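Participant: predicted model, plus sequence, below.
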Amino acid sequence: MRREVVVSGIGAVTPIGLGGAGLYDGLRRERSAIDLITRFDATPFNSRVAGEVRDFDPSAYADAKRLRRLDRYSQFAIACARMALDDARLDLADENRDAAGCFVGSALGGATFAEEQHRVFLAQGVRRIKPSLALSVFCGAASCNIAIEHDLRGPSSANSDSCSSGTIAIGNAFRAVRDGYADVMLAGGVEAPLGPLTFGAFDIIRAMSTRNDAPARACRPFDRGRDGFVMAEGAAILVLEEREHARRRGARPYGTVLGYGNSNDAHHMTAPLPSGTQAARAMRGALAEASIGPEQIDYVNAHASSTPLNDVTETLAIKLVFGERARAIPVSGTKPMHGHSLGASGAIEAAVCLLALRHGYIPPTLNLEEADPACDLDYVPGTGRELSPRYVLSNSFGFGGINACLVFGQPN
């Protein structure tokens with residue numbers, strides 16, 4: 001018998017706020033946190049804007065000795081896991097650690113730390129490299145550090161599935177709990193990509209916005225003037241647990257995880273399949289697993305990357321799934337507020353969906369001033385809406401044509 005799965009805790013590190021409450025407050029402010037880059041000298045690049053996390057203090061989540069062994073990527077992971085467990089009021093001392101695990105996705109893992117240490121290597125030689133480098137660069141470092149920190153001995157996995165990574169981690173964790181492989185899972189995405197080499201790799205393929213004179217307006221999904229995504233750092237970890245397990249301990253879930261869909265365009269490394277059929281198939285897969293019809297979805301949180309091709313293709317895919325009803329469903333993208341944190345973006349946006357379920361608030365799509373004629377849905381431009389959705393769909397579409405979608409519902 002398949003079990004029901006709920007989300008009982010949210011941990012978040014984002015440019016607009018920390019923790020579930022901080023993220024929600026940032027959404028309600030309806031302002032962009034995107035600004036000129038301060039982390040490194042960006043003057044050589046075409047794009048010089050990003051979503052930086054400016055108020056994160058890692059010492060609040062780990063002692064000094066532990067922090068010396070953790071790069072920023074793993075610090076985000078440790079912090080988000082602690083926030084999520086505290087938010088869920090889940091005392092792991094009372095849990096069977098063999099039935100508690102961790103799935104985390106990341107596009108780049110500890111790549112920026114490796115970049116930093118490579119500069120040390122060139123300047124000072126191999127003996128000056130930090131010993132923690134070997135244990136930090138792989139994408140599994142986040143999930144492993146969380147597991148070690150909390151003695152999670154159940155299912156453990158990492159993925160590096162581009163911008164769909166966090167969504168895929170949550171989808172796989174959902175199935176692990178549903179199918180009885182775990183009672184509790186921590187799952188989400190973590191990204192700390194703001195280093196000159198990593199940033200430059202995306203800049204050189206002209207994937208990012210060059211609206212440097214107006215950073216807060218650089219990310220503009222579905223707008224005629226969009227010119228690329230805005231890179232950001234960030235992370236989100238959710239606590240997923242079996243519904244009866246949550247009920248017995250008196251948890252207050254944000255929502256129920258109902259379905260997960262995954263497909264590949266099998267088309268191109270950067271460009272989405274123009275027909276949108278495989279993105280639509282991932283959405284339909286999530287709906288089918290959730291056993292609900294397209295007519296029951298009340299809100300779609302779009303991938304909405306602000307790239308010329310993705311926004312048109314996502315609009316088309318939504319129309320393929322929802323037909324004539326597509327224009328009646330609120331569809332919004334929150335990246336203009338917090339930026340595109342690559343593999344963590346889907347996890348952050350899953351948290352946004354869960355906050356919408358709890359608070360009855362649909363966040364807006366900022367900077368949508370003149371819609372692209374090919375983008376003709378209700379994108380909730382400018383200002384959010386008070387709306388109590390029953391079922392919501394969250395989309396993530398990544399480089400390599402990787403599509404991943406989640407369906408959440410109100411908690412029973």
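Facilitator: Alright, I've got the coordinates. Residues are numbered from 1 along each chain as shown.
Participant: mind listing what's buried along whichever strand or helix holds Leu309?
Facilitator: Element membership for Leu309, per DSSP states H and E: helix 308-322. Buried residues in helix 308-322, counting neighbours by 16 or more other CB atoms under 10 Å, are found at 310-322. (Each C-beta comes from the backbone N, C-alpha and C, glycine too.)
Participant: helices or strands next to the helix or strand that comes right after it in the packing?
Facilitator: Sequence-wise, the next helix or strand downstream of helix 308-322 (DSSP H and E) is strand 331-332. Using 3 or more CB pairs under 8 Å, 6 or more residues apart in numbering; DSSP states H and E as the contact definition, the elements that strand 331-332 packs against are strand 299-301.
Participant: try it again at 6 Å.
Facilitator: For strand 331-332, not one helix or strand is in contact under the criterion 3 or more CB pairs under 6 Å, 6 or more residues apart in numbering; DSSP states H and E.
Participant: centre of the chain to that strand, how far?
Facilitator: Remark: strand 331-332 is offset 16 Å from the chain centroid, using CA atoms, centre = their mean, to the nearest Å.
Participant: just the residues contacting that strand, thanks.
Facilitator: With contact meaning CB atoms under 6 Å, 6 or more residues apart in numbering, strand 331-332 is reached by 300, 302, 363-365, 377, 379-380.
Participant: just checking: what are the partner strands of it?
Facilitator: Strand pairing for strand 331-332, using DSSP bridges, gives strand 299-301 (parallel).
Participant: got the buried residues for the helix-or-strand element of the chain with minimal mean pLDDT?
Facilitator: Least confident helix or strand of the chain, by mean pLDDT, DSSP states H and E, is helix 64-67 with a mean of 87. Using 16+ other CB under 10 Å as the test for burial, helix 64-67 gives Arg66.
Participant: that one packs against which elements?
Facilitator: So helix 64-67, by 3+ CB pairs under 6 Å, 6+ apart, packs with no helix or strand.
Participant: what do you get if the cut-off is 10 Å, keeping everything else the same?
Facilitator: Secondary-structure packing of helix 64-67 (3 or more CB pairs under 10 Å, 6 or more residues apart in numbering; DSSP states H and E): helix 72-88, helix 141-150.
Participant: most tightly packed of those helices?
Facilitator: helix 72-88 (a mean of 26; mean count of other CB atoms under 10 Å).
Participant: sheet-wise, list the partners of whichever helix or strand comes after that one with their directions.
Facilitator: Next in sequence after helix 72-88, counting helices and strands by DSSP H and E, comes strand 100-105. Here strand 100-105 has these sheet partners by DSSP bridges: strand 156-159 (parallel), strand 184-191 (parallel).
Participant: what's the farthest-apart pair in the contacts of strand 331-332?
Facilitator: Pro363 and Leu377 (15.6 Å; CB to CB).
Participant: looking at these two, which is more packed in?
Facilitator: More crowded of Pro363 and Leu377, by other CB atoms under 10 Å: Pro363, with 27 against 21.
Participant: among the helices and strands packed on helix 64-67, which is nearest Ile168?
Facilitator: Taking the helices and strands packed on helix 64-67 one by one with CB to CB, helix 141-150 is closest: 12.7 Å.
Participant: re earlier: neighbouring contacts of the least confident helix or strand of the chain?
Facilitator: 58-59, 61, 74-75, 78, 145, 148-149 (CB atoms under 10 Å, 6 or more residues apart in numbering).
Participant: same deal with stretch 368-377?
Facilitator: 217, 220-226, 300, 302, 304, 308, 311-316, 318-319, 322, 326-333, 336, 365, 379-382.
Participant: filter those residues down to the buried ones, PyMOL style.
Facilitator: Applying 16+ other CB under 10 Å to the contacts of stretch 368-377, the buried members can be selected in PyMOL as follows:
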select buried, resi 217+220+221+222+223+226+300+302+304+311+312+313+314+315+316+318+319+322+326+329+330+331+332+333+336+365+379+380+381
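Participant: which element is Leu368 on?
Facilitator: Judged by DSSP H and E, Leu368 forms part of no helix or strand.
Participant: check the contacts of helix 64-67 and tell me the two furthest apart.
Facilitator: Spatially, the most separated pair among the contacts of helix 64-67 is Ser59 and Ile148, at 18.6 Å (CB to CB).
Participant: who does the helix or strand encompassing Gly11 pair up with?
Facilitator: Following DSSP H and E, one finds Gly11 within strand 5-14. Strand pairing for strand 5-14, using DSSP bridges, gives strand 17-18 (antiparallel), strand 234-242 (antiparallel), strand 255-264 (antiparallel).
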